[in-house]
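Visitor: model this:
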Amino acid sequence: MWDTITNLLPLVGAALHDFLYGFLPGWLAYLLLGFIFIVILLVSILNTVLAFIWLERRGISRFQVRLGPDRVGPMGLLQPIADAVKLMTKEDIVPAGGDRAVHYLAAVLVFVPALLVFAVLPFAPGVVFADLNIGILYIIAIGSVGVIGVFMGGWASNNKYSLMGAMRAVAQMVSYEVPMVLSVIGVVMVAQSLSLEHIVQAQELPFILLQPLGFFIYFAAASAELNRTPMDLLEAESEIIAGYHVEYSGMKFALFFLAEYANALAVSIIVSTLFLGGWKLPLVPPYIALPLKIFAVFGLMLWIRSTLPRLRVDQLMGFAWKGLLPIALLNIFITGGELLIFKGYPSWLALVNIPLAALILFIWSRLFTIKIRATATSARPAPSARNV
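Guide: Numbering: from 1, shown residues only. Have a look, this model is predicted:
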């Protein structure tokens, strides 16, 4: 039965392909087939994003001991739909001194790359829109395009707070993209492939056990890329109001909002694919295993957002360059050394890598804490004669 369920989508896709090519010209069937799959992908992403929004609002309310949305629909399930209707009916405002064309284009340039990432993400065996042999490079390249849209949105708004938020966004996203890319190199070295499909198939043991440092670095850097608390300095209300999109309203603001949660969904799938075995889970069919892992990863993001306070800007940048970057480089050297010594990267290395990762993180955190304390002590003013 599980084999039938597993092969259901490839069979449906093949049947649709044969049906369209049976009575339509080749070029028209090709375009129509692509359009159908794009619509299916968009509907799936939007429905999952709505579920994420509801889950986050209800979850944070429970963490903070309050009710959360509970008026629209049972348990507030229709609240995201009500918010979407509200945003669609709001007036679209462009600042008088802003660049109208760039102001429009920025929202599109942030939202579209968030959708393009899903083209190479495998959802089940054989269920992937484009199984590129350089899938990870594609994700890295497409993910970096959103930085341009963020800066365009801040610049085109003709608002100093928007510009400050955009500059912070560019600095933060570029800084954390470096360790995030380096953290994936360990996975590529172990799997011997850049294809996400092959990486899933190579995980006899989930790579979170073989690459615990890589998982920590990628998850922390991705949280900063997503502007998730405690790394949401782009929306520090006391300093820069709502950040680079403070001058956006209506559907253009909705595009920024949807892009954030679409990126959160993409990161959840990427983490599940690279470190949690993708669709592979004992005794569980792929179409259930992957969603379970996706919502587990998003639940971890939600837990961290509800628990930790916001970092200062100097702490945030220091965490990227002084913390994650050296550890990412160290993880590459450790993985390379293990591959040279132990051919085939045996599964029992998890018993070595997990305590080693815990030891490295502990030593690094102690050094970082001691440095912060020393800086705070040296900056403390000397007691005056009156106080003595």
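Visitor: how far away is the nearest residue to F52 once chain neighbours are set aside from I294?
Guide: Taking CB to CB, 6 or more residues apart in numbering, and ignoring the residues beside it in sequence, F52 has Y261 as its nearest neighbour in space, at 5.1 Å. (Glycine included, C-beta is placed from N, CA and C.) As for Y261, its distance to I294 is 12 Å (criterion: CB to CB, to the nearest Å).
Visitor: what of L33?
Guide: Going from L33 to I294 by CB to CB gives 26 Å.
Visitor: ok so, going back, the residue nearest to F52: neighbour count?
Guide: With neighbours defined by other CB atoms under 10 Å, the count for Y261 comes to 22.
Visitor: cool, L28 as well?
Guide: Applying the criterion other CB under 10 Å, we find 11 residues in the vicinity of L28.
Visitor: contact partners for it?
Guide: When the contact criterion is CB atoms under 8 Å, 6 or more residues apart in numbering, L28 has no partners at all.
Visitor: any figure for the gap between it and Y21?
Guide: Following CB to CB, the distance that separates L28 from Y21 is 10 Å.
Visitor: can you map out the helices along the stretch 201-350 of the chain?
Guide: Shown for the stretch 201-350 of the chain, the helices assigned by DSSP state H, counting those that start in this stretch span residues 207-210, 212-225, 237-240, 250-275, 286-307, 313-318, 325-341, 350-379.
Visitor: pick out the shakiest of these, pLDDT-wise.
Guide: For those, the weakest mean pLDDT is recorded on helix 237-240, namely a mean of 57.
Visitor: wait, isn't V188 in contact with I134?
Guide: No - shown here, V188 and I134 do not form a contact pair, counting by CB atoms under 8 Å, at 10.5 Å.
Visitor: which neighbours do these two have in common?
Guide: Among the neighbours of V188, those also in contact with I134 (CB under 8 Å, 6+ apart) are L194.
Visitor: looking at the two, which is more packed in?
Guide: Neighbours were counted for V188 and for I134 using other CB under 10 Å; V188 has more, 17 against 13.
Visitor: for D131, see how far away the nearest residue to that one once chain neighbours are set aside is.
Guide: Distance criterion CB to CB, 6+ apart; nearest residue to V188, sequence neighbours excluded, is L194 at 6.0 Å. Relative to D131, L194 is positioned 11 Å away (CB to CB).
Visitor: higher neighbour count, the two?
Guide: Legend: neighbour count by other CB under 10 Å for L194 and D131, higher for L194 (18 against 15).
Visitor: can you give me phi and psi for the residue nearest to S144 when sequence neighbours are not counted?
Guide: In space, S144 comes closest to E177 once its chain neighbours are excluded; the distance is 6.4 Å by CB to CB, 6+ apart. Backbone dihedrals for E177, given as degrees, to the nearest 10, come out at phi -70, psi -30.
Visitor: count of neighbours near E177?
Guide: When neighbours are counted by other CB under 10 Å, E177 comes out with 19.
Visitor: low-confidence bits of the stretch 101-250 of the chain, can you list those?
Guide: 234-242 (pLDDT under 70).
Visitor: can you do 90?
Guide: Scanning the stretch 101-250 of the chain with the threshold set as pLDDT under 90 gives 111-115, 119, 123-134, 143-147, 150, 154, 157-173, 204, 224-250.
Visitor: how about the contacts made by A259?
Guide: Residues counted as contacts of A259 (CB under 8 Å, 6+ apart) are 110-111, 114, 146.
Visitor: hey, which helix is longest across the chain?
Guide: Looking only at the chain and at elements set by DSSP state H, the helix with the highest residue count is helix 26-63.
Visitor: distance from that one to the middle of the chain?
Guide: With CA atoms, centre = their mean, to the nearest Å as the basis, helix 26-63 stands 16 Å off its chain's centre.
Visitor: right, and the helix or strand after that helix?
Guide: Stepping forward along the backbone from helix 26-63, the first helix or strand reached (DSSP states H and E) is helix 79-89.
Visitor: give me the contact list for that following helix.
Guide: 50, 53-54, 57, 69, 71-73, 250-251, 253-254, 257.
Visitor: nearest to G278, of these?
Guide: Compare each of the contacts of helix 79-89 with G278 using CB to CB and the shortest gap goes to L50, at 23.9 Å.
Visitor: now do the same contact list for the closest residue to S175 other than its chain neighbours.
Guide: When the adjacent residues along the chain are set aside, S175 lies closest to A320, with 4.2 Å between them (CB to CB, 6+ apart). Shown in contact with A320 (CB under 8 Å, 6+ apart): 172, 175-176, 178-179, 221, 224.
Visitor: ok, so of these, who is nearest V200?
Guide: Distance from V200 was checked for each of these by CB to CB. The minimum falls on A221, at 21.4 Å.
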